[in-house]
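Asks: Give me the fold of what follows.
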Amino acid sequence: EQSHGDIPRARELLDKALEIDPWNGYVCHVYGLLESTADNPKKARQLWQKGLTYRPSAALVCSLGHLYVKQGHARSARELYRTYIPKMTEDRERIEVYLAASSLEETVFRDVEKAAELLKEALGSGGKDGSMEHDSRAYVAL
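Replies: Next up is the predicted model:
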């Protein structure tokens, strides 16, 4: 419904989904995106924080981090990334948060060395889920 511009209907459906599964990270993420787009950052933040409570995902962490930066709270985004990188259970998710953290260091804090260090950590984090593959985005960014 959101893609067709019927935001009230989309909210209604997302509210129903949260009634069924109040801690569903996917629903919290999508609903937060809708609220962020609708210029309701407080509600977006609440939804993303709620989604992070039970099953953190890179999508939730990165969306919340982006919101923090947009609102002038880059240090909160830095701490968020630092907190959730070790909680990501899949390499792909962990690398996604590393990439966001690296971008933050480079573009906001202007610390290219710290950004490069984070990318190297991302490359070294491969294999924690049993695979030895690395995300090529980290190589490209480095």
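Asks: Would you indicate which residues of the regular element (helix or strand) spanning residue 100 are buried?
Replies: Remark: residue 100 resides in helix 91-107, with elements defined by DSSP states H and E. Neighbour-count burial for helix 91-107 flags 91, 93-106 (criterion: 16 or more other C-beta atoms under 10 Å). Any C-beta I mention is one placed from the backbone N, CA and C, and that applies to glycine too.
Asks: Closest one of those to residue 84?
Replies: Using C-beta to C-beta, residue 97 comes nearest to residue 84 of these, at 5.9 Å.
Asks: Hmm, that closest one is touching residue 86, no?
Replies: No - in this structure residue 97 lies outside contact range of residue 86 using C-beta atoms under 8 Å: 9.7 Å.
Asks: Would you map the strands across this protein?
Replies: Counting by DSSP state E, one finds no strands in the chain.
Asks: low-confidence ranges in it?
Replies: Counting by pLDDT under 70, the ranges of the chain that qualify are 1-4, 126-142.
Asks: middle-most residue in it, spatially?
Replies: Centroid check for the chain by C-alpha atoms, centre = their mean gives residue 62 as the closest residue, at 2.1 Å.
Asks: Pretty sure that residue sits against residue 97.
Replies: Yes - with contact defined as C-beta under 8 Å, residue 62 counts as touching residue 97 (6.5 Å).
Asks: hang on, the earlier thing: can you pull the contacts of the residue nearest to the centre of the chain?
Replies: 96-97, 100 (C-beta atoms under 8 Å, 6 or more residues apart in numbering).
Asks: how about those residues in JSON lines, adding distance to residue 8?
Replies: Converted to JSON lines, the contacts of residue 62 look like this (distance: C-beta to C-beta, whole Å):
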{"residue": "96", "distance to residue 8": "32"}
{"residue": "97", "distance to residue 8": "33"}
{"residue": "100", "distance to residue 8": "31"}
